[in-house]
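> after the sequence you'll find the predicted model.
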Amino acid sequence: MNISTTKAIISGGASGLGFACAKMIIDNGGQVALLDINQEQGQKAVAELGSNAHFIETDISQEMQVDSAADKAAQHMGGINLAIGCAGILGAGLIHSKKGPMPADYFQKVVDINLVGSFLLTRAASRHMQEQDSVNGERGVIIHTASIAAYEGQKGQTAYSATKAAITGMVLPLAREFARIGVRVMAIAPGVFETPMMEKITPEICEQIAAGIPNPSRFGTPAEFAHTVRHIVENQYLNGNTIRLDAAARLQ
């Protein structure tokens, strides 16, 4: 699929990795619908991206909101052939800390946004993809954001790592199921990237983290993530797998 013909819905598209993907698509002639809970940031993003971008306020963990957003996006763009899941929360915390046991609803919130949200986006997008004509045997591409924490989670990342590992586990069965409708499913597992999630970390700690990344010894940029998304979209033989995008980093 050519990136210039994409009609994409992007969860978490108003900032960070999602916004970088939206900008890449817009810059190459495609259309995007940004699904994000932050209305102010969403409107700001659309103002920057231009007329080929559309914002739909969406809580990715809410079934009816996601289905409605996909319907609105498909109507506005004339279909959906790309879905990118970038919405997520870190959900850091120990199971047992000085504050006491981790509340079950805190763990559940991470699951609802990171994992259930990815499922809901997949279901809503693929429902529209299967109804449109195929181009070169293809009707769409779905790309989710996992994390290297899916493989080497750190202390305090139990909830986050569990959801990201589950995303990597969904990719192959989804790709096999959607083969009959000509839809590919992939995931990207980024390492440490320059995103709003990292803004709360002090510069000193950021330097320490970057020093532990083999080559290059720096954080990844959202543009590098978006470049990987473009390669997945345009390389039809990529399907049913997760790409580590981490400069050979391993969490310690």
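Yes, it's here. Numbers count the residues shown, from 1 in each chain.
> how about stretch 104-112: buried residues?
Going by neighbour count (16 or more other C-beta atoms under 10 Å), the buried part of stretch 104-112 is 107, 110-112. C-betas here are computed from N, CA, C, even on glycine.
> pLDDT on it, on average?
Stretch 104-112 shows an average pLDDT of 96 in the prediction.
> same thing with stretch 136-149?
Stretch 136-149 shows a mean pLDDT of 96.
> distance between the ends of it?
End-to-end distance for stretch 136-149, by C-alpha to C-alpha, to the nearest Å: 36 Å.
> same deal with stretch 212-222?
First-to-last residue span, stretch 212-222, C-alpha to C-alpha: 20 Å.
> may I see the buried residues of it?
Buried-residue list, stretch 212-222, by 16+ other C-beta under 10 Å: 213, 219-220, 222.
> from those, which is closest to residue 8?
Set against residue 8, the nearest of the buried residues of stretch 212-222 by C-beta to C-beta is residue 222 (15.5 Å).
> now the closest one. Nearest residue, chain neighbours left out?
Spatial nearest neighbour of residue 222, excluding adjacent residues (C-beta to C-beta, 6 or more residues apart in numbering): residue 20 at 3.3 Å.
> counting by contacts, list what the strand or helix carrying that neighbour packs against.
Following DSSP states H and E, one finds residue 20 within helix 16-27. Judged by 3 or more C-beta pairs under 8 Å, 6 or more residues apart in numbering; DSSP states H and E, helix 16-27 is in contact with strand 7-11, strand 31-36, helix 39-49, strand 82-85, helix 222-234.
> report the distance from the host helix or strand of residue 206 to the chain centre.
Following DSSP H and E, one finds residue 206 within helix 203-211. The chain centroid and the centroid of helix 203-211 are separated by 25 Å under C-alpha atoms, centre = their mean, to the nearest Å.
> listing partners with orientation, what would you give for the strand of greatest length in the chain?
When the chain is parsed with DSSP state E, its longest strand is strand 183-190. Counting by DSSP bridges, the strands paired with strand 183-190 are strand 140-145 (parallel), strand 242-245 (parallel).
> tell me the buried residues in it?
With burial defined by 16+ other C-beta under 10 Å, the residues of strand 183-190 counted as buried are 183-190.
> same question, stretch 70-89
Using 16+ other C-beta under 10 Å as the test for burial, stretch 70-89 gives 70, 72-74, 77, 79-89.
> next one: stretch 131-144
Residues of stretch 131-144 classed as buried: 132, 138-144 (neighbour count, 16+ other C-beta under 10 Å).
> closest one of these to residue 116?
Of the buried residues of stretch 131-144, the one sitting nearest to residue 116 (C-beta to C-beta) turns out to be residue 144, at 12.5 Å.
> that closest one against residue 171, yeah?
Yes. Using C-beta atoms under 8 Å, residue 144 is in contact with residue 171, at 7.1 Å.
> what is in contact with the two at once?
Shared contacts of residue 144 and residue 171, defined by C-beta atoms under 8 Å, 6 or more residues apart in numbering, are found at 185-187.
> output those in JSON lines, with distance to residue 43 and pLDDT appended to each entry.
As requested, those are exported to JSON lines (distance: C-beta to C-beta, whole Å; pLDDT from 0 to 100):
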{"residue": "185", "distance to residue 43": "31", "pLDDT": "98"}
{"residue": "186", "distance to residue 43": "30", "pLDDT": "98"}
{"residue": "187", "distance to residue 43": "29", "pLDDT": "98"}
